[in-house]
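**Student:** okay, sequence plus prediction incoming.
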Amino acid sequence: MSEALKETKFLMKKNKIKANKSLGQNFLIDDLALQDIVEGAEICQNDLIIEIGPGLGSLTKLLLEKSKKVICIELDKKMVKILKDRFIAYKNLEIINEDVLRIDLNELIKQEREQDSNIKNVKVVANLPYYITTPIIMKLVENDLGINSITVMIQKEVAERLIAIPGTKETGAITYTIYYYCEGKKIREVENTCFIPEPEVTSEVITLKLRENPAVQVKDKKVMFKIIKSAYMQRRKTLINSLTSVGVFKNKEEGTQALRKLGLREDIRPENMKIEDFAKLTDLFLNSISK
Ligand code: SAM
């Protein structure tokens with residue numbers, strides 16, 4: 001029997017724990033998958049690790065051995081109590097009982113860096129609660145937090161959308177946002193039998209490395225992301241039709257001219273647009289409305 005399975009069963013029994021579905025509690029009990037997450041995160045001794053949703057601590061245990069400090073953010077009070085007991089001997093662990101979506105991560109990371117100038121990289125490592133995967137990841141990538149990488153287990157379908165290359169079949173509007181800020185990589189898939197209780201979906205571990213500079217230059221990234229969202233609201237339609245219906249193009253003629261100017265086909269669909277194409281289209285649009 002795997003170590004993580006033994007420990008999880010023991011802790012659940014001892015503390016009379018039933019996984020709380022509404023908090024997305026699926027405990028990872030596969031030693032190899034846990035090891036692969038930690039290896040995928042490429043942790044060094046001087047790294048500060050932020051773990052979101054540590055649960056009963058199977059991943060936390062490995063992170064504590066590898067890094068300078070681990071800060072765990074866990075919403076469930078019961079888990080916090082168990083973690084405090086379990087890791088009482090560790091001086092490099094801080095546990096915060098908070099909702100990750102409410103916590104001021106900017107302030108938290110700033111304080112840690114001020115307190116310890118030897119911290120090299122800040123890395124997020126987690127088996128995320130799936131019901132809030134997207135808001136958590138958006139919070140981590142959009143806010144210039146000084147995080148170097150994010151290694152997370154999430155639902156496979158979501159993972160593949162996040163790390164797709166923009167302009168391919170797997171692309172969604174979110175793919176462009178992630179690509180703008182990060183370089184994504186698949187680490188591995190994880191079967192649902194590797195969890196207690198088993199989730200209904202297959203999982204995947206991915207790493208997002210935050211770029212030093214965004215993938216493209218654009219006059220206003222917020223406008224670009226709005227245009228992308230509008231285009232993907234009706235992904236089967238041509239770009240001209242979608243963007244004319246939301247007023248990015250005044251009419252189809254204007255759309256045709258714009259696409260010609262950018263060297264794109266008139267019947268191009270959103271999923272054939274590279275991020276560079278959307279950036280150029282955004283600049284063209286902003287120039288046209290500033291005249
Ligand atoms: N890391 C553990 C593991 O791999 O076995 C547990 C992972 S479980 C998928 C997700 C964890 O996130 C649970 O412990 C849950 O209580 C916690 N959680 C759920 N919503 C949260 C939130 N908004 N903020 C912080 N933690 C949350």
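**Tutor:** Yep, it's here.
**Student:** confirm that residue 123 sits in a strand.
**Tutor:** Yes. For residue 123, which was evaluated using DSSP: H, G, I helix; E, B strand; the rest coil, the result is membership in a strand.
**Student:** which residues touch stretch 95-104?
**Tutor:** Residues lying outside stretch 95-104 but in contact with it, judged by Cβ atoms under 8 Å, 6 or more residues apart in numbering, are 52-54, 71-75, 77, 80, 83-84, 108, 132, 135-136, 139. Glycine gets a C-beta too; all of them are placed from N, C-alpha and C.
**Student:** also within reach of the ligand: list those from the residues you listed.
**Tutor:** By Cβ under 6 Å from any ligand atom, the members of those lying near the ligand are 52-54, 73-75, 132.
**Student:** quick check: the farthest pair among those?
**Tutor:** Using Cβ to Cβ, these span at most 15.4 Å, a distance reached by 54 and 132.
**Student:** more neighbours: those two, which one.
**Tutor:** Ranked by neighbour count (other Cβ atoms under 10 Å), residue 54 and residue 132 place residue 54 first, with 28 against 18.
**Student:** contacts only, for the closest residue to residue 203 other than its chain neighbours.
**Tutor:** Setting aside the residues directly before and after it, residue 203 is nearest to residue 190 in space (Cβ to Cβ, 6 or more residues apart in numbering), at 4.3 Å. Shown in contact with residue 190 (Cβ under 8 Å, 6+ apart): 28, 30, 33, 153, 202-205.
**Student:** what residues sit buried inside stretch 244-253?
**Tutor:** Across stretch 244-253, burial judged by 16 or more other Cβ atoms under 10 Å covers 244, 248-249.
**Student:** pLDDT, distance to residue 264 and secondary structure for the residues you listed - can I get that in TSV?
**Tutor:** As requested, those are arranged in TSV below (pLDDT from 0 to 100; distance: Cβ to Cβ, whole Å; DSSP: H, G, I helix; E, B strand; the rest coil):
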residue	pLDDT	distance to residue 264	secondary structure
244	94	15	helix
248	91	14	coil
249	93	13	coil
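**Student:** pLDDT weak spots in the chain?
**Tutor:** Per-residue confidence for the chain (pLDDT under 70) gives these ranges: 291.
**Student:** residue nearest the centroid of it?
**Tutor:** Among the residues of the chain, the one closest to the centroid is residue 137, at 3.2 Å (Cα atoms, centre = their mean).
**Student:** quick check: residues of the stretch 51-200 of the chain near the ligand?
**Tutor:** Those residues of the stretch 51-200 of the chain that sit near the ligand, judged by Cβ under 6 Å from any ligand atom, are 52-55, 58-59, 73-76, 79, 99-101, 127, 129, 132.
**Student:** residue 49 in helix, strand or coil?
**Tutor:** When states are read from three-state DSSP, the local structure at residue 49 comes out as strand.
**Student:** ok, it touching residue 63?
**Tutor:** Yes. The criterion here is Cβ atoms under 8 Å, and residue 49 meets it with residue 63 at 5.0 Å.
**Student:** overlap in contacts, those two.
**Tutor:** Overlap between the neighbourhoods of residue 49 and residue 63 consists of 43, 70, 125, taking contacts as Cβ under 8 Å, 6+ apart.
**Student:** list the helices and strands the host helix or strand of the second one packs on?
**Tutor:** So the one you mean is residue 70. Secondary structure assignment for residue 70, by DSSP states H and E: strand 69-74. Helices and strands in packing contact with strand 69-74 are listed as strand 48-52, helix 58-66, helix 77-86, strand 93-97, helix 105-115; criterion 3 or more Cβ pairs under 8 Å, 6 or more residues apart in numbering; DSSP states H and E.
**Student:** compare the ones you listed and give me the one nearest residue 194.
**Tutor:** When those are compared by Cβ to Cβ, helix 58-66 sits nearest residue 194, at 10.8 Å.
**Student:** go through the closest one and flag the buried ones.
**Tutor:** Of the residues in helix 58-66, those with enough neighbours to count as buried (16+ other Cβ under 10 Å) are 58-64, 66.
**Student:** tell me where this protein has helices.
**Tutor:** Per DSSP state H, the chain carries helices over the ranges 3-14, 31-40, 58-66, 77-86, 105-115, 133-142, 156-162, 173-181, 221-233, 239-245, 252-261, 275-290.
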